[in-house]
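Colleague: Got a predicted model here, sequence first, then my questions.
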Protein chains: 2
Amino acid sequence: MAVTLYLIRHGIAVDRHEGMDDEIRPLTVKGRQKTAEVAQQLKTLRLEFSQILTSPLTRARQTAEILLQAGLSNQVNVTDTLSPMGSFVDWLDWLKGYNQPGQEKAIALVGHEPALSQWAELLLWREARGVLSLKKAGIIGLTVPDKIDPLGNTILFWLTPPRFLILS
Amino acid sequence: MAVTLYLIRHGIAVDRHEGMDDEIRPLTVKGRQKTAEVAQQLKTLRLEFSQILTSPLTRARQTAEILLQAGLSNQVNVTDTLSPMGSFVDWLDWLKGYNQPGQEKAIALVGHEPALSQWAELLLWREARGVLSLKKAGIIGLTVPDKIDPLGNTILFWLTPPRFLILS
């Protein structure tokens, strides 16, 4: 028994520019479309999430909303832990509280780089070297054990950019 | 500039049993079919390999042959380095000789577990912890730099089991 995490990076957003708060940068038209295609492919692959957790930033919430609309889950919850400033320690605490022995769950976490790939590396190898490439709307799939320390005992079973999921 | 490696594990083979040399175990009918579906999907994704290198064992050679027949490359070469007994040091020496600065190449390496995922881990993190799950007919995609030490400077851009590539 274990929890399966799908770490999903938000889709392509409008560029940073002066006068626009980074927190409200929305997805571009292309970003919405590509994210929707990824979501559709996940549905075709019969993935299902007991919940989708997302960073509070607009580009992440919009990505989570697209996953919800594709029918991949029934609920989206917003958490500051997944914001760009979220700490791995807080996130790990949350994960340990969530990952109860005997409950098998698959959840999607929508957030930002470099946090997502670094957290994955910390779970896998206990150190982050920046060797996992997580593209926008890309996915990292992890199996996190529930009865032993997840650090160093997590398994990577999937890492994909959108281009290997959708044909354009 | 860098070399792109696609480490591909052989497809499902007939079980080990007494009286059959492990080296000649062939793919099962299901193994051939699934491998062909993966190969077809790689073709649809427009992947192309300047060559396919394979372990000399039957199940690996058959897997390489299926990739060749799908039109993913023009040549298959057999190398003992990719056999289950091949050493990482020999393989790394070969890789360094092959990975000439200024030449961009994509090659497919067909081999066995646990060697393939361990070699990937050594390139990525300089140590193998067994945290990468490489299924039969699954793929690991690595970008290996050509001007600096590949150990610790290689990037993982893809890891997929067949089930996320083909729909059955």
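Modeller: Structure received.
Colleague: what about stretch A:23-38, distance to the chain center?
Modeller: The chain centre lies 15 Å from the centre of stretch A:23-38; the measure is C-alpha atoms, centre = their mean, to the nearest Å.
Colleague: Give the rounded mean pLDDT of it.
Modeller: Here stretch A:23-38 scores 95 as its mean pLDDT.
Colleague: and what of stretch A:53-60?
Modeller: Mean predicted confidence for stretch A:53-60 is 97.
Colleague: For residue A:39, grab the count of nearby residues.
Modeller: Applying other C-beta atoms under 10 Å in any protein chain shown, we find 25 residues neighbouring residue A:39. Any C-beta I mention is one placed from the backbone N, CA and C, and that applies to glycine too.
Colleague: what's the next secondary structure element after the lowest-mean-pLDDT helix or strand in chain A?
Modeller: Here the helix or strand of chain A ranked lowest by mean pLDDT, DSSP states H and E is helix A:88-98, holding a mean of 86. The element immediately downstream of helix A:88-98 (helix or strand, assigned by DSSP states H and E) is strand A:105-111.
Colleague: Give me the helices and strands touching that next one, please.
Modeller: strand A:2-9, strand A:51-54, helix A:58-69 (3 or more C-beta pairs under 8 Å, 6 or more residues apart in numbering or on different chains; DSSP states H and E).
Colleague: Return the set of buried residues in the least confident helix or strand of chain A.
Modeller: Residues A:88, A:91-92, A:95, A:98 are the ones in helix A:88-98 that count as buried (16 or more other C-beta atoms under 10 Å in any protein chain shown).
Colleague: will you turn the residues you listed into CSV that also has distance to chain B?
Modeller: Supplementary listing: these in CSV, determined by distance: C-beta to the nearest C-beta, whole Å:
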residue, distance to chain B
A:88, 17
A:91, 19
A:92, 16
A:95, 17
A:98, 21
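Colleague: Tell me the one among the residues you listed nearest to residue B:5.
Modeller: Ranked by distance to residue B:5 (C-beta to C-beta), the buried residues of helix A:88-98 are led by residue A:88 at 29.5 Å.
Colleague: and the top helix by length along chain A, how far out from the chain's middle?
Modeller: What stands out as the longest helix in chain A, according to DSSP state H, is helix A:29-44. Distance of helix A:29-44 from the chain centroid (C-alpha atoms, centre = their mean) equals 14 Å.
Colleague: Just checking it against chain B, any contact.
Modeller: Yes: Helix A:29-44 reaches chain B (C-beta under 8 Å from any C-beta of the partner chain) through residue A:44.
Colleague: Run the angle between that helix and strand A:105-111 for me.
Modeller: Here the directions of helix A:29-44 and strand A:105-111 differ by 170 degrees (axes from the mean of the first three to the mean of the last three C-alpha atoms, to 10 degrees).
Colleague: Give me the buried positions along helix A:29-44.
Modeller: Judged by neighbour count using 16+ other C-beta under 10 Å, the buried positions of helix A:29-44 are A:31-42.
Colleague: In JSON lines: the residues you listed, plus distance to residue A:120.
Modeller: JSON lines is the format used below for the buried residues of helix A:29-44 (distance: C-beta to C-beta, whole Å):
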{"residue": "A:31", "distance to residue A:120": "22"}
{"residue": "A:32", "distance to residue A:120": "25"}
{"residue": "A:33", "distance to residue A:120": "26"}
{"residue": "A:34", "distance to residue A:120": "22"}
{"residue": "A:35", "distance to residue A:120": "20"}
{"residue": "A:36", "distance to residue A:120": "24"}
{"residue": "A:37", "distance to residue A:120": "23"}
{"residue": "A:38", "distance to residue A:120": "18"}
{"residue": "A:39", "distance to residue A:120": "21"}
{"residue": "A:40", "distance to residue A:120": "24"}
{"residue": "A:41", "distance to residue A:120": "21"}
{"residue": "A:42", "distance to residue A:120": "18"}
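Colleague: which one of these is nearest residue A:155?
Modeller: Residue A:155 has its nearest neighbour among the buried residues of helix A:29-44 in residue A:42, at 19.7 Å by C-beta to C-beta.
Colleague: nearest spatial neighbour of that closest one, skipping sequence neighbours?
Modeller: What sits nearest to residue A:42 in space, not counting adjacent residues and going by C-beta to C-beta, 6 or more residues apart in numbering or on different chains, is residue A:72, at 5.8 Å.
Colleague: so when I look at that neighbour, I'm seeing a strand, right?
Modeller: No: applying DSSP: H, G, I helix; E, B strand; the rest coil, one finds residue A:72 to be coil, outside a strand.
Colleague: Do I have it right that it meets residue A:47?
Modeller: Yes: contact between residue A:72 and residue A:47 holds when scored by C-beta atoms under 8 Å: they sit 6.2 Å apart.
Colleague: What residues does chain A have near chain B?
Modeller: Residues of chain A lying near chain B (C-beta under 8 Å from any C-beta): A:44-45, A:124-125, A:127, A:129, A:131-133, A:143, A:152, A:154-161, A:163-165, A:167.
Colleague: Send me the least confident helix or strand of chain A as PDB with only the CA atoms.
Modeller: What follows is helix A:88-98 as a C-alpha-only set of coordinates in PDB (Å, rounded to 0.1, in the frame of the first residue of the first chain):
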ATOM      1  CA  PHE A  88       9.800  20.800   1.200                       C
ATOM      2  CA  VAL A  89       9.600  20.200   5.000                       C
ATOM      3  CA  ASP A  90       6.100  21.500   5.200                       C
ATOM      4  CA  TRP A  91       5.100  19.500   2.100                       C
ATOM      5  CA  LEU A  92       6.700  16.300   3.500                       C
ATOM      6  CA  ASP A  93       4.800  16.800   6.800                       C
ATOM      7  CA  TRP A  94       1.600  17.200   4.900                       C
ATOM      8  CA  LEU A  95       2.400  14.100   2.800                       C
ATOM      9  CA  LYS A  96       3.100  12.000   5.900                       C
ATOM     10  CA  GLY A  97      -0.100  13.000   7.500                       C
ATOM     11  CA  TYR A  98      -2.000  12.300   4.300                       C
END
